[in-house]
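> Okay, here's the prediction I keep looking at, along with the sequence it came from:
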Amino acid sequence: DIQMTQSPSSVSASVGDRVTITCRASQGISNWLAWYQQKPGKAPKFLIYAASSLQSGVPSRFSGSGSGTDFTLTISSLQPEDFATYYCQQGNSFPLTFGGGTRVEIK
Amino acid sequence: EVQVLESGGGLVQPGGSLRLSCVGSGYTFSRISMNWVRQAPGKGLEWVSVISGNGRSTEYADSVKGRFTISRDNSKNTVHLQMNSLRAEDTAVYYCAKEEPKGYHYGMDVWGQGTTVTVSS
C-alpha cells in the first residue's frame, strides 16, 4: 500500500498569511494526487485533482504542485473561511490512501 | 445539482450487521464509480471501498475485506455497503463519495453528509 505523509500536522496562521502544506508518498504516484478541505462536522470538499488542477468553483488562492513523491498545497492569502483540516489522497493505485491531515488554525 | 445522500447508520452490537445506502442524483449514475470513505471519531479519512459504474468491479481496504460488501442498483441510483462481523474499530462516520468522471486517478468530487455507525454493546 502507498503511505501518504503530510506535514505539518497543524499550523497556526493569520488572515492574509501564505500557508504551505506538504504531502509525501511512499512511492512514486506520478501526478495522481488530490486535495480536500474539511471543516468540523462537515463532509470533505474536493479542492484539487491531478496535483495542480483546481476544481471548478475553488478560489484561485489555492494551488497545488508536485509530481512523483512530493507535493504541496499552497494557500496564497489565508481567508477566515480557510481555517479547516486539509487532506491529500493518492489516486495512483488501490487501496486509495489519505494523508493524516493538516489542521490550519487561527493564530 | 449533483448530490449523494447516505442513510442506514445506527448503533449495532459487536459481531452484528448493518447495511448503508447511498442515493446519487443530478448525473448519469450508472456511468460513475462510487466510493465509501469513513472517519473514526477524531481521526482522519480512511478509504473503504469502490464499485465501478456497471457494478462488475470492486475494491476494498484490507481492514474490511471479507466482512464488507459493496453493491449497486443502477435502476434505483443506489449504492449499498453491507457490513458484517462489525467491530468496535468500525465505529465511524461513513461517507459516500462520487468518483470524478475522468476516473479514480482524479479523486472524489462530490461527497454526502455522512451517516454514523456506532459499534458498541
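Yes, it's here.

> can you tell me which residue is nearest the centre of the chain?
Going with chain A. Residue closest to the mean C-alpha point of chain A, counted by Cα atoms, centre = their mean, is A:Trp35 at 4.0 Å.

> Chain B is the one I meant
Short answer for chain B (Cα atoms, centre = their mean): B:Trp36, at 2.7 Å.

> Quick check: next helix or strand after the one helix or strand it maps to?
In this structure, B:Trp36 sits in strand B:34-39 according to DSSP states H and E. Counting by DSSP H and E, the element after strand B:34-39 in chain order, helix or strand, is strand B:45-51.

> That following strand: partners in the sheet, and parallel or antiparallel?
Paired strands of strand B:45-51, with direction, are strand B:34-39 (antiparallel), strand B:58-60 (antiparallel) (DSSP bridges).

> Please, where are all the strands along the chain?
Answering for chain A, as no chain was given. Counting by DSSP state E, one finds strands in chain A at the ranges A:4-7, A:10-13, A:19-25, A:33-38, A:45-49, A:53-54, A:62-67, A:70-75, A:85-90, A:97-98, A:102-106.

> please go with chain B instead
B:3-7, B:10-12, B:18-25, B:34-39, B:45-51, B:58-60, B:68-73, B:78-83, B:92-99, B:108-111, B:115-119.

> which stretch among those strands comes nearest A:Leu78?
strand B:45-51 (22.3 Å; Cβ to Cβ). Quick note: C-beta positions are derived from backbone N, CA and C, even for glycine.

> Can you tell me which residue of chain A sits closest to chain B?
Here the residue of chain A nearest chain B is A:Ala34; by Cβ to the nearest Cβ that distance is 3.1 Å.

> residue contacts, that residue?
The contact partners of A:Ala34, by Cβ atoms under 8 Å, 6 or more residues apart in numbering or on different chains, come to A:Phe46, A:Leu47, A:Ile48, A:Tyr49, A:Ala50, A:Cys88, A:Gln89, A:Gly91, B:Tyr106, B:Gly107, B:Met108.

> Name the member of those with the most neighbours.
A:Cys88 (29 neighbours; other Cβ atoms under 10 Å in any protein chain shown).

> Grab the nearest non-local neighbour of it.
A:Cys23 (3.6 Å; Cβ to Cβ, 6 or more residues apart in numbering or on different chains).

> Just to check, the one you found is in contact with A:Met4?
Yes. Assessed by Cβ atoms under 8 Å, A:Cys23 is found in contact with A:Met4 at 6.0 Å.

> what is in contact with those two at once?
Joint contacts of A:Cys23 and A:Met4 (Cβ under 8 Å, 6+ apart) are A:Cys88, A:Gly99.

> more crowded one of the two?
A:Cys23 (28 against 23).

> how far away is that one from A:Gly100?
10 Å (Cβ to Cβ, to the nearest Å).

> shared neighbours of the two, which are they?
The contact sets of A:Cys23 and A:Gly100 overlap at A:Met4, A:Thr5, A:Gln6 (Cβ under 8 Å, 6+ apart).

> Rebuild the residues you listed as a markdown table, extending it with distance to B:Leu81.
What follows is those, written out as a markdown table (distance: Cβ to Cβ, whole Å):
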| residue | distance to B:Leu81 |
| --- | --- |
| A:Met4 | 23 |
| A:Thr5 | 28 |
| A:Gln6 | 27 |
